[in-house]
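**Q** Dropping a prediction and its sequence here:
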Amino acid sequence: MPLAAFALATTLATSDFFLDDDNDGLLNGWERHGFGPLNPEVQNCNPKHADIIICFRIRPGMTDATVKPTIERLTKFYADMPFTNPDGKRGLNLIPVVLPPHPEDKGQGYIEFYNQGMPTEWRGLAHGVFVGNSPGGGGQANRPDWCGTGYNWWTIAHEVGHQLGLPHEPLGFGLGSPLHTSLMNYDYSYQLDGDGQKVRFSFGEFASWKGSEADLNEVLPFGIDQLKFLSNRPHYFSLKSLGKAKTSVDWNRNGVHAETHVRANINDGYSVGLSSNIKSKKIAGAPVLVTDGKTLSMVAPVSEFMNETSPSKDHPATATLFRIDGKKCVEVKKLSDPAAVKGDISAVIYQGKLEICYQGSSGTDWAKFQLGTDISQIDGILGLGDVRESTPTKLNVVNLPASDGSLVVTPKGVIQLHTERKSGAVHFGGWMENIAKSTKPAAGVWNPVRKVLAVAYVEDTDKLKGLIKIIEVDPFKKMIVSKAPMTVGGEKSPAQTSAKPVIFFDSLSSTYRVLVKGRYDDPHQPGLNYMCRQIASRDGWWIKMMGNEWANSRSVASAVEFNGDMAYAYRWYGGGEDGMAWISMRASGIEKGIITDFDEVGFIFNHGLRDSLNAVRNEQWPRKGWR
């Protein structure tokens, strides 16, 4: 053996060449002497201070100057991480490698461009980011060294966090938490305590606290200064100091502090989570969920034409009953003649009987069915503009112009709320006329606490279109109870819609919730649904989208309390499932599991950097003769 080779072999055998003192996945010898494309004199790597190498593959039309400000801010972000390295200094050293646009880049998606975009020589040594020529967008390729983003530093840090092994939730718990102050948490991806420059990985400040959304204690063992961020966006929780290291957080937003055994969704800073989803066949309008307390059913219009928000005179549908059982949604019975439905359906269950109404050929049709093994119609459909108003003791029949009906269960029976299509007048047949003017079908719900009927309707003003209002009435005394209509969302930032609202009463908090589809110039445009619920602060309302930004619906959704939670149905838009009803059996957002925090900083320095690179080497290096 030549003397030089013998000396090198002896050095390797007796030194720390194959150790990784800083746990960054790069061996000490590589960081001192170089390895492949890694050149210590160029990259300035340090075996005693953790490094992260990121290859930034830019797209056509971009230059180094495009991403220079982003890389500078990322460098500071990583350098500020609160972890002490073996050299006694804090932070993570970013080593950027900016790669020019690839000649084969013709606008392909980032996932399929990995083989061309991520240089072979850097695989197992570096992370990869395919940077688009826009500030927005970002996503993972489900591998530890590749993602696609825009050129904003928050998104890049978030997506590289996934490469390092971090999920959106505290690692190991699988459930989001408002105390998880990490940019991996969608609630804090772009700001923390209202400041975009405070964004960080969590260092587990609140990991000692464990909570459950089904049984929360509003008193936390932390000072109010530590929890101040909870009073800022996106949660805006009300805080109250109870001492030096004790703070009350009004988790259920009812204005009462220091409660125990609270049941509340506290993870709705971004959206209301949906889980336990079931899918039905394709439907042609808004689904309506109904329950007798024991079983859950859905009534929906069905036809071959599904490109509109609801059936119409030109595109009618058939009212159809579905039974939701376990993990299936099964069609049970046609409830109307074929093509008889020319508008949205309303349905309720009262005293074991299913009642439905809808706009028919010449008026509002209303029918009643006995539920059971065999579903039979017990009252014929009334046509020719006749509409019933029934109570346990009498039956009223009135003549109406074309109108949309909404059935409401009251202690005295089922009544029907009408919205005339031509004039927009809202009334209860011959009982109470001109309660309000609505541009969309009005909806109603009985408030058992105040013993009034709340009517939700849609109003246009000179400044704003599609405002949702609530007015309380006593239909039996034929009087309006409200001094003035209530604006959903409050006067400062009102909610708006281009579809009918859905209102229901939350028995847990004794407040109203209104489910609306967003406002669009084209009322048939698919869009997101939002839950608007009354709270004790923030102008009295809390509004969040249902599901996420991909949960677009062709129609307004439906919701009903069922089995200790909230069942929710909407009409999916997009792809092969376009038009299907998606039913979430747990849509209150209250999830089973532990709410807590997690030390991501410690995880990254002790495991994430090393394990992510090792995963790539184990996958790809054996093919190159490594080992």
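**A** Structure received.
**Q** low pLDDT regions in the protein?
**A** Scanning the chain for pLDDT under 70 picks out 1-14, 362, 377-401, 429-431, 538, 623-627.
**Q** Which stretches in the chain count as helices?
**A** 3-14, 28-33, 40-43, 64-79, 114-117, 153-163, 600-603, 609-620 (DSSP state H).
**Q** Let me know which of those is the nearest to W251.
**A** helix 600-603 (23.8 Å; Cβ to Cβ). Where C-beta positions appear, they are placed from N, C-alpha and C, glycine not excepted.
**Q** which residues sit against that closest one?
**A** If you take Cβ atoms under 8 Å, 6 or more residues apart in numbering as the criterion, helix 600-603 is touched by 81-83, 161, 165-166, 171, 182, 184, 201-204.
**Q** Just the C-alphas of that helix, formatted as CSV.
**A** Provided in CSV are the C-alpha atoms of helix 600-603 (Å, rounded to 0.1, in the frame of the first residue of the first chain):
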residue,chain,number,x,y,z
GLU,A,600,-40.0,20.8,16.6
VAL,A,601,-36.7,22.6,17.0
GLY,A,602,-35.2,19.9,19.1
PHE,A,603,-36.6,17.2,16.7
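**Q** what's the nearest residue to F369 if we skip its chain neighbours?
**A** L354 (4.5 Å; Cβ to Cβ, 6 or more residues apart in numbering).
**Q** wait, what's in contact with that neighbour?
**A** L354 touches V290, S297, V299, L321, A347, V348, K368, F369, L371, I375, counting by Cβ under 8 Å, 6+ apart.
**Q** you'd agree P47 is up against D22?
**A** Yes: P47 sits in contact with D22 when judged by Cβ atoms under 8 Å, with a separation of 6.3 Å.
**Q** Between those two, which contacts overlap?
**A** By Cβ under 8 Å, 6+ apart, no residue touches both P47 and D22.
**Q** that older thread, ok, so of the contacts of helix 600-603, who is nearest T497?
**A** M184 (32.8 Å).
**Q** on that earlier part again, out of the helices of the chain, which is closest to A339?
**A** Comparing the helices of the chain by Cβ to Cβ, helix 153-163 comes nearest, at 48.9 Å.
**Q** helices or strands next to that closest one in the packing?
**A** On a contact count with 3 or more Cβ pairs under 8 Å, 6 or more residues apart in numbering; DSSP states H and E, helix 153-163 meets helix 64-79, strand 127-131, strand 138-140, strand 147-149.
**Q** Need the residues that contact that helix.
**A** 52, 54, 70, 73-74, 77, 127, 129, 131, 136-140, 143-149, 182-184, 189-190, 196, 199, 201, 600, 612.
**Q** Put the buried members of these into a ChimeraX selection.
**A** Buried subset of the contacts of helix 153-163, written as a ChimeraX selection, criterion 16 or more other Cβ atoms under 10 Å:
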select :52,54,70,73,74,77,127,129,131,138,140,143,144,145,146,147,148,149,182,183,184,189,199,201,600,612
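**Q** how's the chain carved up into domains?
**A** 18-169+606-624, 210-266, 275-586 (automatic domain parsing).
**Q** can I get the ones you listed in CSV with distance to G176?
**A** Formatted as CSV, these follow (distance: least, Cβ to Cβ, whole Å):
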stretch, distance to G176
domain 18-169+606-624, 5
domain 210-266, 9
domain 275-586, 12
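**Q** and of the ones you listed, who's closest to P178?
**A** The nearest among the domains of the chain, by Cβ to Cβ, is domain 210-266 at 5.5 Å.
**Q** How far does that closest one stretch from one end to the other?
**A** 13 Å (Cα to Cα, to the nearest Å).
**Q** same question, stretch 219-236
**A** OK, stretch 219-236 end separation, Cα to Cα: 17 Å.
**Q** quick one: contacts for W122?
**A** G36, P37, I53, C55, V97, G128.
**Q** so what's the fourth one up against?
**A** Contact analysis of C55 by Cβ under 8 Å, 6+ apart lists V97, L99, M118, P119, W122, A126, H127, G128, V129.
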